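J.: My questions concern the predicted model and sequence given below.
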Amino acid sequence: MNASAPPLDPSIAFALLAAGRSQRFGGGKLEAVLNGKPLWRWAADTAEVAGFATRFLIVPAPPKPETAAEGWTIAVNANADAGIATSISLACSLATDCRRVVIGLADMPFVEPDHLRVLAMAEGVAFTRYPSCREGVPASFPREAFARLANLQGDRGAATIDWAADRAAIAPTSPASLIDIDTPQDLERARAQLMARRHRER
């Protein structure tokens, strides 16, 4: 999917979590440049291409001017140091009027727009299935799940909740799209992955 997809129903929100501490990276991870643009912008652009009309960008305090993004609601997580659960809870509070929210991470630059749309149109709770068979983000939740998400604590993600067996686990077309950037070495691997992609497309 290269061009923007048709807009999704505005009642399906996308929340991009960008308030992490970047400790393993040494700080400043989301502003690190990957192929000419900040790392967080890759995930933001993907959500826009996927067609999300309702978009939330969750950032730490104080917010940095470079994270301003047209068409996004910027939400400051003043408690980001307490763990990712606080950002998930904030995402749910922002999406109170929505029937569904898709949650993504700002350090995953290669997630496919089509995969986000599949999650957006899923029923019930839907996680991304990784090659290791674990379930994780991006993930999608109906409004009925927001209260349970809001009760998460610390660095516990949504996959740690005992959801019903009928939850979905959806694999993306390309497992390579699930790379996440935790360290400077991960960023170098992402750059190499982009270079290899360019060579294949010639």
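T.: Received the coordinates, thanks.

J.: how about low-confidence regions in this structure?
T.: 1-3, 65-66, 68 (pLDDT under 70).

J.: the longest helix in it is where?
T.: helix 184-201 (DSSP state H).

J.: which strands and helices sit next to that helix?
T.: Packed against helix 184-201 by the contact rule (3 or more C-beta pairs under 8 Å, 6 or more residues apart in numbering; DSSP states H and E) you find strand 33-34. The C-beta positions use only the backbone N, C-alpha and C, and glycine is treated the same way.

J.: next SSE after the strand it packs on?
T.: Going down the chain from strand 33-34, the next helix or strand is strand 37-38, by DSSP states H and E.

J.: Next, the residues that contact that next one from outside, please.
T.: For strand 37-38, contacts defined as C-beta atoms under 8 Å, 6 or more residues apart in numbering pick out 30-32, 45, 66.

J.: mind running it again at 6 Å?
T.: By C-beta atoms under 6 Å, 6 or more residues apart in numbering, the residues outside strand 37-38 that reach it are Glu31.

J.: can you check stretch 149-158 too?
T.: 83-85, 88-89, 92, 139.

J.: in it, what counts as buried?
T.: By 16 or more other C-beta atoms under 10 Å, the buried positions in stretch 149-158 come out as 149, 152, 157-158.

J.: The residue of the chain positioned farthest from its centre and Met195, how far apart?
T.: Seen from the C-alpha centroid of the chain, the residue lying at the greatest distance (C-alpha atoms, centre = their mean) is Arg202, 29.7 Å away. Distance, Arg202 to Met195, by C-beta to C-beta, to the nearest Å: 11 Å.

J.: Who are the packing partners of the helix or strand where Asp114 lies?
T.: Asp114 is located in helix 113-120, with elements delineated by DSSP H and E. Judged by 3 or more C-beta pairs under 6 Å, 6 or more residues apart in numbering; DSSP states H and E, helix 113-120 is in contact with helix 39-50.

J.: Show me which positions of the helix it packs on end up buried.
T.: 39-44, 46-50.

J.: Strands of the protein, residue ranges please.
T.: 12-17, 33-34, 37-38, 54-60, 73-77, 100-105, 126-129, 135-142, 168-170 (DSSP state E).

J.: how about the nearest residue to Trp42, chain neighbours excluded?
T.: Nearest residue to Trp42 in three dimensions, chain neighbours excluded: Pro109, at 3.5 Å (C-beta to C-beta, 6 or more residues apart in numbering).

J.: oh sorry, the question was meant for Ala80
T.: Distances taken as C-beta to C-beta, 6+ apart place Ala19 nearest to Ala80, at 3.9 Å, with adjacent residues excluded.
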